[in-house]
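Student: only the shape, not the letters, is given here:
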């Protein structure tokens with residue numbers, strides 16, 4: 001009977017592990033009054049940065065971008081459908097392209113959507129992506145303080161992808177909200 005007993009122990013261990021995984025998943029992602037641990041940022045771009053974005057837009061002939069109270073500009077190309085907009089606690093599936101104001105693309109999705117927790121992303125995305133719903137498309141024009149600020153972003157080889165204090169332009173499609 002010992003081999004049967006060992007099988008039962010292995011089976012019980014598997015059930016326990018699966019149960020624990022589901023417990024962690026549902027308690028950490030559950031929407032309740034205690035929140036998910038992310039807090040809305042109160043960062044507002046300095047006037048000089050907001051003015052620099054406005055100058056970029058004017059120079060590029062972009063006249064239909066809307067100014068957000070936090071200092072970035074945006075254009076909603078498609079509002080999307082559905083009744084729920086993402087929150088900081090949401091997992092989002094997106095397709096995107098990030099570029100500098102000179103047109104240099106520094107990052108983009110190619111074959112698969114990227115999945116992120118919105119609360120872990122740069123402030124400009126945290127504030128801009130909730131303006132659309134699933135299927136929506138938005139262009140974000142972010143001043144440095146709502147992007148990477150004075151931080152230089154480098155690739156794995158040490159090459160600069162995003163210089164310090166860069167205005168960033170993101171084309172974002174919200175594919176899914178989880």
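Tutor: Structure's in. What do you need? From a predicted model like this one, the values you see are computed outputs, not experimental measurements.
Student: use CA for all of it now, contacts and neighbours both
Tutor: Will do.
Student: run a quick neighbour tally on the closest residue to residue 47 other than its chain neighbours.
Tutor: Excluding the flanking residues, the one nearest residue 47 by Cα to Cα, 6 or more residues apart in numbering is residue 71, at 7.8 Å. Neighbour count of residue 71, defined by other Cα atoms under 10 Å: 23.
Student: which residues touch residue 71?
Tutor: 44, 45, 46, 47, 49, 50, 142, 143 (Cα atoms under 8 Å, 6 or more residues apart in numbering).
Student: measure it to residue 110 for me?
Tutor: Going from residue 71 to residue 110 by Cα to Cα, to the nearest Å gives 29 Å.
Student: same check, this time on residue 56
Tutor: From residue 56 to residue 110 the distance is 27 Å (Cα to Cα).
Student: what's downstream of the lowest-mean-pLDDT helix or strand in the chain, the next helix or strand?
Tutor: The helix or strand of the chain with the poorest confidence is helix 2-29; it has a mean of 46 (mean pLDDT, DSSP states H and E). Once the chain leaves helix 2-29, the next helix or strand it forms, by DSSP states H and E, is helix 47-59.
Student: pull the residues that contact that next one.
Tutor: 63, 65, 71, 72, 73, 101, 141, 142, 143, 144, 145, 167.
Student: many thanks, have a good one.
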